[in-house]
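In: 3D model of this:
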Amino acid sequence: MAKCICCEMSGAQYEHFDGGYVCDNCVGSYFTCPDCGRVFDRDDYVHGDAGNGFCAECAADH
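Out: Sure, this is the predicted structure:
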């Protein structure tokens, strides 16, 4: 199991855009794209929420 990049607990399962994984306890502190499932820092306005609830990569499909 992967370690969480936020709290370093094992069992992290959400893939972070910039590498690493985030756990269930910390995922609420990030933006999660409902299409691809990757998590992004909340202040990542380049790759994260494109203004329509999806990441920049998935936004074009919606």
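
In: partner residues bridging Asp49?
Out: Assessed by DSSP bridges, Asp49 has beta-bridge partners Cys55.

In: give the buried residues for stretch 30-45.
Out: Within stretch 30-45, the residues that qualify as buried are 30-33, 38-40, 44, counting by 16 or more other C-beta atoms under 10 Å. C-beta: built from backbone N, CA, C; applies to glycine.

In: make JSON lines out of these and add distance to Ala50, pLDDT and secondary structure.
Out: JSON lines is the format used below for the buried residues of stretch 30-45 (distance: C-beta to C-beta, whole Å; pLDDT from 0 to 100; DSSP: H, G, I helix; E, B strand; the rest coil):
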{"residue": "Tyr30", "distance to Ala50": "15", "pLDDT": "98", "secondary structure": "strand"}
{"residue": "Phe31", "distance to Ala50": "10", "pLDDT": "98", "secondary structure": "strand"}
{"residue": "Thr32", "distance to Ala50": "13", "pLDDT": "98", "secondary structure": "strand"}
{"residue": "Cys33", "distance to Ala50": "9", "pLDDT": "98", "secondary structure": "coil"}
{"residue": "Arg38", "distance to Ala50": "13", "pLDDT": "98", "secondary structure": "coil"}
{"residue": "Val39", "distance to Ala50": "15", "pLDDT": "98", "secondary structure": "strand"}
{"residue": "Phe40", "distance to Ala50": "10", "pLDDT": "99", "secondary structure": "strand"}
{"residue": "Asp44", "distance to Ala50": "11", "pLDDT": "97", "secondary structure": "coil"}
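
In: now, the most widely separated pair of those residues?
Out: Farthest pair in the buried residues of stretch 30-45 (C-beta to C-beta) is Thr32 and Asp44. Separation: 12.1 Å.

In: so Ile5 makes contact with Glu15?
Out: No - judged on C-beta atoms under 8 Å, Ile5 makes no contact with Glu15 at a distance of 10.5 Å.

In: re earlier: for Gly20, state which of the buried residues of stretch 30-45 is nearest.
Out: For those, the nearest to Gly20 is Val39 (9.7 Å; C-beta to C-beta).

In: kindly state the beta-bridge partners for the closest residue to that closest one other than its chain neighbours.
Out: Excluding the flanking residues, the one nearest Val39 by C-beta to C-beta, 6 or more residues apart in numbering is Tyr30, at 4.1 Å. Using DSSP bridges, the bridge partners assigned to Tyr30 are Asp41.
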